[in-house]
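Chemist: got a sequence here, can you build the structure:
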Amino acid sequence: MDITIKPSDINLKSRLCGSGFNKSEYEIIAVNIILIAIRKKNDSWFVFTIDEYKSLCDHDVNWLEVELIREMANQEFFECDENGNFAITQKFIGACLLA
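Modeler: Down below sits the predicted model:
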């Protein structure tokens with residue numbers, strides 16, 4: 001992952017409202033990932049599985065949220081490998097910066 005923008009460089013005051021994700025549910029997931037990266041991963045992007053995402057979130061993750069993460073991978077906001085590891089993409093960063 002060669003991304004030079006750190007999670008803390010993204011302005012979360014608007015909770016990414018009006019971002020390039022064009023879907024409020026994606027914005028919520030993106031905020032969750034950014035907060036996890038800042039608070040629990042030393043301000044670094046990280047690769048995660050669905051189970052790790054669930055364990056790192058401060059809320060109960062439901063099946064819909066899991067499906068939305070998979071949708072985001074289909075939309076290329078995440079890369080997903082054959083082992084179910086998700087990683088943010090430059091498209092994810094770009095969508096965040098539009099907010």
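
Chemist: only C-alpha atoms from now on, for both contacts and neighbour counts.
Modeler: OK.

Chemist: sketch out the low-pLDDT regions of this structure for me.
Modeler: Across the chain, the ranges flagged by pLDDT under 70 are 1-2.

Chemist: give the buried residues for the longest helix along it.
Modeler: As far as residue count goes, and with DSSP state H defining each element, the longest helix of the chain is helix 24-40. Residues of helix 24-40 classed as buried: Tyr26, Glu27, Ile29, Ala30, Val31, Asn32, Ile33, Ile34, Leu35, Ile36, Ala37, Ile38 (neighbour count, 16 or more other CA atoms under 10 Å).

Chemist: how long is stretch 14-33 end to end?
Modeler: 15 Å (CA to CA, to the nearest Å).

Chemist: now what about that stretch, what contacts it?
Modeler: 12, 57, 65, 68-69, 72, 92, 94-99 (CA atoms under 8 Å, 6 or more residues apart in numbering).

Chemist: now do 6 Å
Modeler: Surrounding stretch 14-33, the residues in contact under the criterion CA atoms under 6 Å, 6 or more residues apart in numbering are Ala95, Cys96, Leu98, Ala99.

Chemist: report the separation between the residue of the chain most remote from its centre and Trp45.
Modeler: Distance from the C-alpha centroid of the chain peaks at Glu82, with 18.8 Å (CA atoms, centre = their mean). Using CA to CA, Glu82 is found at 20 Å from Trp45.

Chemist: let me see the ranges of the strands in the chain.
Modeler: Counting by DSSP state E, the chain has these strands, from start to end: 78-80, 86-88.

Chemist: so for Ile5, which of the ones you listed sits nearest?
Modeler: Of all these, strand 86-88 sits nearest to Ile5, with 11.7 Å by CA to CA.
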